[in-house]
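Student: Here is a sequence with its predicted model. Questions after.
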Amino acid sequence: MDQDAIKNFISGLPKAELHLHIEGTFEPELMFGIAERNHIDLKYNSVDDLKSAYDFNNLQEFLDIYYSGTNVLIEEQDFYDLTWAYLQKIHSQNVLHTEIFFDPQTHTSRGVAFDKVISGIHRALGDGRSKLGISSFLILSFLRHLSEESAFQTLEEALPYKSWITAIGLDSSEKGHPPNKFERVFTKAQAEGFLTVAHAGEEGSPEYVWEALKLLQVSRIDHGNRSLEDSLLIDELVKRKMSLTVCPLSNLKLKVVRDMTQHPLAKMLDKGMMATVNSDDPAYFGGYVNENYEAVAVALKLTKGQIVQLAKNSFTASFLNEVEKKAMIEKVDLYYRDQKN
Ligand code: HPA
Ligand SMILES: [Zn+2]
């Protein structure tokens, strides 16, 4: 398959996205627009000036810029606009279902009310459903560089909005902030009925993945790249059919992998792991879901069958119910069959 054929095949393929930080979809053009209407000065003179700062050596260098970009988000409408722009974008990429992280502490710590953040996102997701036919779930993610107490407080603030939130996640600076720091708050979250996921094994050691499984009882591991360093862990992940939400362009931009040809995704699939492809923070890493599929498909010379497997995995690993999953997977099969004829 040449590159155009791969691109076309991926673009029509029905997909789900399971690892996406809504704050990471903040495109520079929208950032400048919202900054202006909120009368906030960005320290960059232009979109190009801002984009030139998107050059990272590790996760922390990215996070510093990512958090500073959120400073212009103040009103409910800002969170709506941010989410709506993302939904329109993925609609053009044939993403039928998305499960979105949001980081409330990034906003509440600046004095923006939890209600404004979640109401704007929730309203856009409702419009995504009614106007674009995109189904979605929301995942509240704790910032792991902050304290356990702050996570407990955030969970408390979320309880009145329980019906809008499907799962609790864990993101931000991984090293030095192992999952065990959040065991008690995740236990409480589960008792309140939330599912759990956690970023683990992006920069952190395989031990962080073990902890996420055993202490946080996660339904998915976000990233999980470094799991491949531990053969017992690989066996455990395969046995549990544990899904990994892998983010290829993120891994490249944050230097988790040296080169896309070295990306562990092919190895994960070979070993029978439930890997999925996602965009993480598309406005910062140079691509949405389709560009992530394309990058790995080309670099790792994936077959059409493997690309289709990734799309099916994205639905299998989602929080949709079994009937919904089956219907989505049938759409993938139908597409593949049509493409063969
Ligand atoms: O890839 C990530 N890792 C950890 N925290 C994050 N917050 C946004 N993206 C990420
Ligand atoms: Zn992430």
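Tutor: Good, I have the coordinates. Ligands and ions are numbered 1, 2, ... in the order given.

Student: what residues does the stretch 101-250 of the chain put near ligand 1?
Tutor: 171, 172, 199, 202, 250 (Cβ under 6 Å from any ligand atom). The C-beta positions use only the backbone N, C-alpha and C, and glycine is treated the same way.

Student: Not counting its neighbours along the chain, what's nearest the second one?
Tutor: Taking Cβ to Cβ, 6 or more residues apart in numbering as the measure, residue 172 lies nearest to residue 143, with 4.3 Å between them; neighbours along the chain are not counted.

Student: What of the last one?
Tutor: The shortest distance from residue 250 to any non-neighbouring residue, by Cβ to Cβ, 6+ apart, is to residue 280 (3.8 Å).

Student: Surely that neighbour is in contact with residue 21?
Tutor: Yes - Residue 280 lies in contact with residue 21 (Cβ atoms under 8 Å); the separation is 6.6 Å.

Student: more crowded one of these two?
Tutor: Higher neighbour count among residue 280 and residue 21: residue 280, with 30 against 25, using other Cβ atoms under 10 Å.

Student: Quick one: end-to-end distance for stretch 202-218.
Tutor: The first residue of stretch 202-218 is 16 Å away from its last residue (Cα to Cα, to the nearest Å).

Student: Please enumerate the strands of the stretch 51-200 of the chain.
Tutor: Under the criterion DSSP state E, counting those that start in this stretch, strands of the stretch 51-200 of the chain are mapped to 95-102, 135-143, 167-171, 195-200.

Student: The last one: how far from the chain's middle?
Tutor: Pointing back at strand 195-200 there. Its chain's C-alpha centre and that of strand 195-200 lie 11 Å apart, by Cα atoms, centre = their mean, to the nearest Å.

Student: what helices or strands is the helix or strand following it leaning on?
Tutor: From strand 195-200 onward toward the C-terminus, using DSSP states H and E, the following helix or strand is helix 206-214. Under the contact definition 3 or more Cβ pairs under 8 Å, 6 or more residues apart in numbering; DSSP states H and E, helix 206-214 sits against strand 195-200, strand 220-223, helix 231-239.

Student: Tell me which residue in the stretch 151-300 of the chain sits closest to ligand 1.
Tutor: Ligand 1 sits closest to residue 171 of the stretch 151-300 of the chain, with a gap of 3.5 Å, by Cβ to the nearest ligand atom.

Student: what sits against that residue?
Tutor: Residue 171 makes contacts with 21, 101, 103, 141, 142, 143, 144, 199, 222, as judged by Cβ atoms under 8 Å, 6 or more residues apart in numbering.

Student: In the sheet, which residues pair with it? Tell me.
Tutor: As for beta bridges, residue 171 partners with residue 143 under DSSP bridges.

Student: so how far is residue 102 from it?
Tutor: For residue 171, the distance to residue 102 equals 10 Å [Cβ to Cβ, to the nearest Å].

Student: shared neighbours, the two?
Tutor: 21, 141.

Student: on that earlier part again, measure the residue nearest to residue 250 to residue 59 for me?
Tutor: In terms of Cβ to Cβ, residue 280 sits 11 Å off from residue 59.

Student: And for residue 293?
Tutor: Counting by Cβ to Cβ, the gap from residue 293 to residue 59 is 23 Å.

Student: more crowded one of the two?
Tutor: Set residue 293 next to residue 59 and count neighbours by other Cβ under 10 Å: residue 293 wins out with 28 against 23.

Student: Could you verify my assumption that the more buried one touches residue 310?
Tutor: Yes - if you go by Cβ under 8 Å, residue 293 and residue 310 touch, sitting 6.9 Å apart.
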